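Enquirer: quick check, what structure comes out for this input:
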Amino acid sequence: MDFSDWLFILFYNTLKACFEQILWIWGAFFLIGFALYFISNLRDKAFADSIGHKAELFLTGWIGVPVHEMGHAVFCFIFRHKITEAKFFSPKEDGTMGYVKHEFDPKSTYQKIGNFFIGIAPMLFGTVVIYALLGLLLPDYLPEELNGSIAETGLEIFKNFFSFSNFSNLRFWIFIYLSLGIASHMKLSIQDFKGATSGFLTLLCLIFLINLIATAVLNFGLKSILLSQWFTDKVNVLLSLFYPIMLYALVLSIFYLLFSYALLGVARVVRSKVGK
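Expert: All right, here's what the predicted structure looks like:
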């Protein structure tokens, strides 16, 4: 094998490993994120056209917006960004409901990667909070061990939801309401997407470099390293926890969207009758 063939195989295996790892870890996350974004935009418009956009803030915004902004703040702390100003719940006429302004050292790769996680923090932190609420209010719903697949863990967590006894369980309804408030504000804003994109490019470069070194030195992808198997197992456990909760948040957001359309339909009927 000449050098050009070896170089081609090296870059091919490196890019393949990068693609598999990104798709494995972040693929469903991005799909859910975009779905939440479009659903939230449709819901906000429906509320604005029916009972006014401010009403939605009192329904779910009081819990969802602070959790959203707190997620940004927590990841700013983790990635050593300096928070210059933060408003966890401050609705404005321009649609702004809260914000976290932060600064970072552009020379620091760690802090630049932090932009990605700070941008997507509302989804990550919101998922953790919903899981914590589930453990606090409905601990019997949690799986005994987190060692199954995403589907198995999700089924284990939510199989108890489909029970008539829940209709008389106050804690169940408190969990549904609080998780609805959080889920309905887990969407990422345009600024969140921009910040995450800049950090993701740096993260991609780091992932590529790690895979390139591993492939060049061992002539195998990262999956061939013994430590990588341990890492893969741990990530699988995290994904089996995060994705079911995120899918639950997505389902709640869809039901909330349908509720907003129902309100919009009622409002249009009332306006047509009043107009007559």
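Enquirer: C-alpha from now on. contacts and neighbour counts both.
Expert: Noted.
Enquirer: how many other residues sit next to the residue nearest to residue 128 when sequence neighbours are not counted?
Expert: The shortest distance from residue 128 to any non-neighbouring residue, by CA to CA, 6 or more residues apart in numbering, is to residue 242 (7.8 Å). Look at residue 242: counted by other CA atoms under 10 Å, it has 21 neighbours.
Enquirer: next, residue 101: secondary structure please.
Expert: Here residue 101 is recorded as strand under DSSP: H, G, I helix; E, B strand; the rest coil.
Enquirer: any idea how far the helix or strand harbouring residue 9 is from the chain center?
Expert: In this structure, residue 9 sits in helix 3-50 according to DSSP states H and E. Centroid separation for helix 3-50 versus its chain: 12 Å, with CA atoms, centre = their mean, to the nearest Å.
Enquirer: what's that helix packed up against?
Expert: helix 53-56, helix 190-218, helix 226-275 (3 or more CA pairs under 8 Å, 6 or more residues apart in numbering; DSSP states H and E).
Enquirer: what about 10 Å?
Expert: helix 53-56, helix 121-137, helix 190-218, helix 226-275 (3 or more CA pairs under 10 Å, 6 or more residues apart in numbering; DSSP states H and E).
Enquirer: now render these as TSV, adding mean pLDDT and distance to residue 105.
Expert: Putting the helices and strands packed on helix 3-50 into TSV (pLDDT from 0 to 100; distance: least, CA to CA, whole Å) gives the following:
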stretch	mean pLDDT	distance to residue 105
helix 53-56	76	37
helix 121-137	93	19
helix 190-218	79	13
helix 226-275	79	29
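Enquirer: which stretch among those comes nearest residue 113?
Expert: helix 190-218 (4.5 Å; CA to CA).
Enquirer: could I get the buried residue list for the closest one?
Expert: 192-193, 195-200, 202-203, 207-208, 210-216 (16 or more other CA atoms under 10 Å).
Enquirer: stretch 152-161 now?
Expert: Within stretch 152-161, the residues scored as buried using 16+ other CA under 10 Å are 153-154, 156-157.
Enquirer: so the residue nearest to residue 141 when sequence neighbours are not counted is in which element?
Expert: Sequence neighbours aside, residue 157 is the residue nearest to residue 141 in space, at 5.2 Å (criterion: CA to CA, 6+ apart). For residue 157, the element it lies in under DSSP H and E is helix 150-158.
Enquirer: also residue 84?
Expert: Residue 84 belongs to strand 82-87 when elements are defined using DSSP H and E.
Enquirer: what strands flank that strand, and is each parallel or antiparallel?
Expert: Here strand 82-87 has these sheet partners by DSSP bridges: strand 99-103 (antiparallel).
Enquirer: CA atoms only for the helix or strand just after the strand it pairs with, dumped as CSV, please.
Expert: Using DSSP H and E, the helix or strand that follows strand 99-103 in sequence is helix 109-119. Provided in CSV are the C-alpha atoms of helix 109-119 (Å, rounded to 0.1, in the frame of the first residue of the first chain):
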residue,chain,number,x,y,z
THR,A,109,-10.7,25.8,23.3
TYR,A,110,-12.5,24.5,26.4
GLN,A,111,-14.5,27.8,26.6
LYS,A,112,-15.2,27.8,22.9
ILE,A,113,-16.6,24.3,23.0
GLY,A,114,-18.6,25.5,26.0
ASN,A,115,-20.6,27.8,23.6
PHE,A,116,-22.2,24.7,22.1
PHE,A,117,-23.3,23.3,25.5
ILE,A,118,-24.4,26.7,26.7
GLY,A,119,-26.5,27.1,23.6
